[in-house]
Structures are given as structure tokens and as C-alpha cells.
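K.L.:
Everything below, folded, please.
(2 chains)
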2 protein chains.
Amino acid sequence: VRNIRLLLEFDGTEFKGWQRQNNVRTVQGTLEDAARDLFGSDVSIVGAGRTDAGVHAVGYACNFHVQSGLPCERIIPALQSRLPEDVVVLGGSDAAAFFHARYHASARRYVYRITTAPTALWRRTRLVVRHTVDVPAMNEAVQQLLGTHDFTSFMPAGTGVNPVCNVAEARVERRESLITVTLEADRFLHHMVRTIVGTLLDVGRGRIGPEQISSVLRTRDRGAAGRTAPAHGLTFVKASYPRDAGTEPPAVSPPGN
Amino acid sequence: VRNIRLLLEFDGTEFKGWQRQNNVRTVQGTLEDAARDLFGSDVSIVGAGRTDAGVHAVGYACNFHVQSGLPCERIIPALQSRLPEDVVVLGGSDAAAFFHARYHASARRYVYRITTAPTALWRRTRLVVRHTVDVPAMNEAVQQLLGTHDFTSFMPAGTGVNPVCNVAEARVERRESLITVTLEADRFLHHMVRTIVGTLLDVGRGRIGPEQISSVLRTRDRGAAGRTAPAHGLTFVKASYPRDAGTEPPAVSPPGN
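P.N.:
Reported below is the predicted structural model:
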């Protein structure tokens, strides 16, 4: 039995997230259906993490076990020909038998896109906000999340999930009318990126000062953080794996904007 | 009677171009329907130029005459509320009575987006090419179009239209996996940008040398140029007007990527 690792891009607009659910269009379900059609048997696909309905991905990692003699360079186009245009297989490779796209991911990176101009062309991938946005203040605020913290304030209350995450990268940048929030951490809690973005937008419009993010963290109270920002601005950019987690990643071009 | 100038953004995916046609969804038709609903009378809207089916715009200029006491800051949201989400009114202002969005435009700018990586998320705005693309060669080639030339080779044969255009800006750039072709000229012929891009792609894959663009121009033969590249990679970015063409442009944020 082989263990195939894939790198995916998907437009989340028409998907109810990654995870398979009955009678709902999901990325996992769509991919498992394509794989069953290709290999003639049921295939269970493990993803790097759940994504919410409407969230996009440009470098989503997943893996599945299958009995097949097809080389990866033939599996990729054969799968692609069975997929709709909003899911693309960017690459694929054989992985060690133990490789697990969720358990072995050592870091995940997300980008959230915000624009202060109304937009038709980029409406599927950017949150439009009609207030002024102080990007330097947002960037100062997000830096305070770097390092290991209890993120209870940025997750739904009462889940009982371990709330400690180690944030390795955090920044807010503007390029022309596009503002991007980039976050990388070992793990993310449910709605965590979107709730951080909602809180940063409160900083951006001057409702709270950038220095208050530290106290929002310390209160460990979801009520202290801002709203959960809409899903469509969010893109899963990358999952990282240790070198010993079974093969190198599939070679692909770096994702563009 | 007032003369209102608007700046528009539209996602061309679901439109059969700018120009109104019977029983077909076009940007002009959609906008005229919204304006008739708002003002209670027929409105003729003049656009900065025709765009082909599938071509997008982020800074498209147009104007229309109307009898109305509504200030522009109320016309914009009132029109917007009558428009589908793939057309956005970015700005609007009162213009001099003689202002004409097509006749007075002194320059038009287009961007064409190409990617060598397959993509789901950007499939509506980028042409995916699966061959290697030599961007410096394409940039060297496109420079030869700068200045005033007869562009007969880059337009459909036999139209009888004046083929002389003055190209003020021409460049090809790469940023990560995104390659952009930027062209600005006083005027463009039908399919001209798309045929230039098709020819540049022949340079990019080594079918012709970058220096051959000059001879393609000189032959004045459509058969000497490359294929017309698909519409969905093309975006109308800006129309420029002389200062004396009736009011300053509506103030808006610069378009992002």
C-alpha cells in the first residue's frame, strides 16, 4: 500500500469547508469521490487541518493510502481530470508509510486579505471594510501574539481544547489597496485567525489601542476579543513538515497573491 | 441636465463584454437598467471603450446625462444597491457638459495576468500556461512596441480601421508565480492586447526571438503575429483624460492586484 501526499489549491467559495459531510459539497468529499473513481475503491484522505466554509487554500497538504501501480506523475492529471475547476492538484509525491498530513504538520500559515476599496473583481478573496484602517497600529498589535500564549480569548468558549499555540510569524502589511494579515503557528484553534483579524480591525479603526492585544490575551475571555471576521478573506497558505516526516514536499511554484 | 462621470470595477466572467446587446448580459446594459430604475427614465451610458466578453476592469470610466437633483455621494450608493455584486461603482462626480468618456480618453491601460502554476483560486483572472516562460525575453520583445506604430499585424484583417497607435508603456514582469503584461496606449484596436500577449507567449517559450517583434509589426500581416490570448487574463486598468476634459477624476484608492 502506498501513501500519496498531495498539495492542493482550492477556491473555498462554493465549498462548505474541508471536512466531508453528508449531502454537502466539501473539498475532502470532492477529492475522495474523484479518488474512488480513479482507483476503483474507497479512499480516505487526511488533510492538514479543517478549514471553515468559504476559506480558500493555495498550499493545502493532504495524504491517502492506496494500492495502485500508477506513478505520481500520472495520478496527478488523472485526479485533476475528475475534479471541478475550483480544486487543483498542484503536486504529488510518494511519502513514507507513517506520514500523516495532520499529525506531522509542524506549522501552518494563513493569510487574510482586507481592502478598504469596494471591489467586484476580488470580492471572493478580500474582506471589504469601509472604515479607515491604521495598518502600522495593526502590525504593532499583531506582533504581541508572537511566541507561546494561551489563545482562549480567540476561540469559541467552552470547547475544552488545549488553547496554547506558538505563533512564529505575525505581520500586517499594505500594498496599494490590499492589506494582508499573515500568521504562522504550530497550530490554530477553531476561528482563531478570523477572530484575531476581527480584533486587529478594531485596532485599525481606533476602537482599541494596539497595546491592548496583550491584555486581551491575558483575560482568557472570548468576550474581550473582537468579532470573528468573515471566512472569504482567509486563505490557508502552507503546511510545514519536519524533514523526517516522510519525503520532501512536492515541487511546485510558490503561490502568488 | 447633468453629466455624471463614474469609475467602475467589474468582474467580466459573467458578462458578454461592455456593450449593450439584446438578450445578453453586458456591463453597459446592466448599468443602464440600474440607472433607469434609479432615475425613472432611460439613460444612455458612454464607456471608455468596448471590452470583450470575459475581460475585467478595475478603473473603467463612463459617463451619462441625466436630470436629477441627487448629489453624486447619494447617486453612487443608490446605483450600487441596484447592481449585482460583479459590478461596483468606485466613484462618481459631476463632469462638464461636453465630457465624453470615449472621445476624450487620451490613454487606456491594460494588464494581462499569466501564471505558470495551475490555479483554482485565481482561475478567473489569470491565464495558466504549462510551458516555461522567459520573462526577460518577453519584456525585451514588448519594449519594441513603444512609440507610434501601425498595428495591423495585431488586429483582425480587413476591418478598415486606422491601425496606428501610440504605445506609451509596455513591460512584462514576474512576481512569484504571477507574470503581468502592462500596456498603455492612446488607443487600442480590437483584440490588440490579447494578440500582443499571444505573440509574447511565443517569445516566452522560445518559438520566436524577442527581436522578431519589430518584423512582425513591419509585415502588417495578422498571420505574422501569434494567437489571440484568452479574454479572462485581461483587465482594463485605467482611462486617462486631459485636465481640460471636464472635472478631475473621482477620488478612489488605487486598484490592487
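
K.L.:
contacts and neighbour counts: CA atoms only from here.
P.N.:
Fine.

K.L.:
got the residue ranges for the helices in the stretch 1-150 of chain A?
P.N.:
A:27-39, A:72-80, A:135-143 (DSSP state H, counting those that start in this stretch).

K.L.:
most packed of these?
P.N.:
Of these, the one with the most neighbours on average (mean count of other CA atoms under 10 Å in any protein chain shown) is helix A:135-143, at a mean of 21.

K.L.:
Run the chain-centre distance for that helix.
P.N.:
21 Å (CA atoms, centre = their mean, to the nearest Å).

K.L.:
model confidence over it, on average?
P.N.:
Helix A:135-143 carries an average pLDDT of 98.

K.L.:
now check it, is it near chain B?
P.N.:
No - judged by CA under 8 Å from any CA of the partner chain, helix A:135-143 stays clear of chain B, getting no closer than 15.2 Å.

K.L.:
how about CSV for the helices of the stretch 1-150 of chain A, with distance to residue B:172 added?
P.N.:
Converted to CSV, these look like this (distance: least, CA to CA, whole Å):
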stretch, distance to residue B:172
helix A:27-39, 35
helix A:72-80, 30
helix A:135-143, 30
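
K.L.:
So, low pLDDT: which residues of chain A?
P.N.:
Regions of chain A meeting the criterion pLDDT under 70 cover residues A:244-257.

K.L.:
let's see 90
P.N.:
Scanning chain A for pLDDT under 90 picks out the ranges A:117, A:132, A:157-160, A:176-177, A:242-257.

K.L.:
where along it do the strands fall?
P.N.:
Listed in chain order, the strands of chain A (DSSP state E) span residues A:2-10, A:45-47, A:56-66, A:87-95, A:107-115, A:127-128, A:147-150, A:164-175, A:178-185, A:234-240.

K.L.:
What helices and strands are in contact with the last one?
P.N.:
Strand A:234-240 makes packing contacts with strand A:56-66, strand A:107-115 when contacts are defined by 3 or more CA pairs under 8 Å, 6 or more residues apart in numbering or on different chains; DSSP states H and E.

K.L.:
neighbours of residue A:6, just the number please.
P.N.:
Neighbour count for residue A:6, taken as other CA atoms under 10 Å in any protein chain shown: 25.

K.L.:
what's the spacing between the nearest residue to it once chain neighbours are set aside and residue A:125?
P.N.:
Once flanking residues are discounted, residue A:6 sits nearest to residue A:92: 4.3 Å by CA to CA, 6 or more residues apart in numbering or on different chains. Counting by CA to CA, to the nearest Å, the gap from residue A:92 to residue A:125 is 26 Å.

K.L.:
and what of residue A:182?
P.N.:
On the measure of CA to CA, residue A:182 and residue A:125 end up 14 Å apart.

K.L.:
shouldn't residue A:151 be in contact with residue A:164?
P.N.:
Yes - contact status for residue A:151 versus residue A:164: in contact at 6.0 Å, counting by CA atoms under 8 Å.

K.L.:
of these two, who's got more company?
P.N.:
When residue A:151 and residue A:164 are compared for neighbours, residue A:151 comes out ahead with 24 against 15, by other CA under 10 Å.

K.L.:
which residues does the more buried one contact?
P.N.:
Counting by CA atoms under 8 Å, 6 or more residues apart in numbering or on different chains, residue A:151 touches A:163, A:164, A:165, A:189, A:192, A:217, A:220.

K.L.:
Before I go, just wanted to say thanks for your time.
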